[in-house]
Structure formats: structure tokens, C-alpha cells
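Student: Quick check, what structure comes out for this input:
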Amino acid sequence: MSRIGRKHIAIPAGVEVKIDGSTVTVKGPKGALSQSFRPEMKIQVEGNEIIVTRPNDEKEYRSLHGLTRTLVANMVEGVSVGFKKELEINGVGYRAAKQGKNLVMNLGFSHQVIVPEIEGITIEVPQPNRINILGADKQAVGQFAAEVREKRPPEPYKGKGIKYIDEVIIRKEGKAGKGKK
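Tutor: Okay, here's the model as predicted:
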């Protein structure tokens, strides 16, 4: 049996879980999330725990078992605690600021790069070279962070650009560092 799939999901205080057929709706202090899952996967609430079971041991259901459990667990964690991605901007003159609901970035282009805040996502700029992206939906937070990073990905020679706070950029030598024959 799947090690991840058979783990029970604890429901924290203040979180409400409603299961309607194959649709799971989770409400909490950070918002509400709803998602449909395969009808073969059985999702039940027993006491203050959510249990995900599969119909049999076919390969398809074994793979769906862990996936379904993880997605439900991420929904519960998202509405109770929330998810956060931190980005760092490196480069001379590169900076970010928040104007209203827009993220305005100077990234070495002749124009400013403006990224509007989408529904369910909150953008914070604690410092001119830091961007925090917060939200209840893990997938939406990760996707939005990737789209912001895509505006100026880090380059390998000087390391200039937008990177995740824990990302390591492998640096390359320039042509001056190349040995002579």
C-alpha cells in the first residue's frame, strides 16, 4: 500500500471540510478551495481526520492514491497556514515596488515590468530586492512565482536576474578566464 496514501490528514481547528461525491471543499481562515478528484478514490472524513482509500491494487489506482492524498493535504494546509514563495532580485539598479495591486519591477529594460496581482495571490515587497508571493493554493503560488521569475531569469555569468531565495545559480567563467593554448 502507498506509504503516502495511507497517512491520515489531520484537520486543524477552524478548518471545515465538505465532501460532495468526488468534489472536496475546504474552508479555513486563509480562504476556501475546491477540487474534483477521480470518483474511484474514496475520500472520507472520520472525526478530525481525512482518509483516502483506493478501490484495488491496480497500478493506476496505486499512483492516484498518493496523489489524491497529497492534493487534499495541500488544500488543508493552504487554507489553514498558506503557502509562500520568496524571490530575490540581483543586479545593479534592479528593484521591485508595489503600487496598488501591481508589482512594478525595474529589471534593466528600457521600460518597467508591471505584473498585476491575481485573485487568490498576495504580493509583498519587504525590501526593494525581495518579493514574497503568498496564497492558499500551492499550485497557483508556484505558477505565479515562476511567471514573475520568467521576466528576468538569472544569468550564469554575473548572476543578475530574479531567483528563488534558496536557488543556487551555477556560475560560468567568462571568455577572459579561458586558458591560452
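
Student: Give me the distance between the closest residue to E124 other than its chain neighbours and P126.
Tutor: In this structure, E124 finds its nearest non-sequential neighbour in N132, 4.1 Å apart by CB to CB, 6 or more residues apart in numbering. Heads up, the C-betas are built off the backbone N, CA and C, glycines and all. N132 sits 6 Å away from P126, going by CB to CB, to the nearest Å.

Student: neighbour count winner among these two?
Tutor: N132 (16 against 9; other CB atoms under 10 Å).

Student: would you say the more buried one is within a helix?
Tutor: No: counting by DSSP: H, G, I helix; E, B strand; the rest coil, N132 is not part of a helix but strand.

Student: Test of understanding: give the bridge partners of it.
Tutor: For N132, the beta-bridge partners are E86, E124 (DSSP bridges).

Student: That one contacts K84, correct?
Tutor: Yes: contact criterion CB atoms under 8 Å: N132 and K84 qualify, at 6.1 Å.

Student: what's the single longest helix in the protein?
Tutor: helix 59-80 (DSSP state H).

Student: Which elements pack onto it?
Tutor: Here helix 59-80 touches strand 9-10, strand 23-28, strand 31-36, strand 49-53, helix 138-150, going by 3 or more CB pairs under 8 Å, 6 or more residues apart in numbering; DSSP states H and E.

Student: check contacts around the residue nearest in space to the middle of the chain.
Tutor: To find the centre residue of the chain, average its C-alpha atoms and take the closest one (CA atoms, centre = their mean): that gives G142, at 2.9 Å. Listed by CB atoms under 8 Å, 6 or more residues apart in numbering, the contact partners of G142 are F83, K85.

Student: Relative to R149, how far out is it?
Tutor: In this view, G142 and R149 are 10 Å apart by CB to CB.

Student: average pLDDT for stretch 120-138?
Tutor: Averaged across stretch 120-138, the pLDDT comes to 95.

Student: buried residues in that stretch?
Tutor: By 16 or more other CB atoms under 10 Å, the buried positions in stretch 120-138 come out as G120, I121, I123, V125, I131, N132, I133, L134, G135, A136, D137, K138.

Student: Show the contacting residues for the first one.
Tutor: G120 makes contact with G31, G135, A136, D137, A140 under the criterion CB under 8 Å, 6+ apart.

Student: G82 is in contact with the fourth one, correct?
Tutor: No: with contacts counted by CB under 8 Å, D137 stays clear of G82, the gap being 9.5 Å.

Student: quick one on the thing from earlier: closest one to T68 among the helices and strands packed on helix 59-80?
Tutor: strand 49-53 (5.3 Å; CB to CB).

Student: From the rest of the structure, what touches the closest one?
Tutor: So strand 49-53 is in contact with 5, 8-11, 17, 41-45, 65, 68-69, 72, 76, going by CB under 8 Å, 6+ apart.
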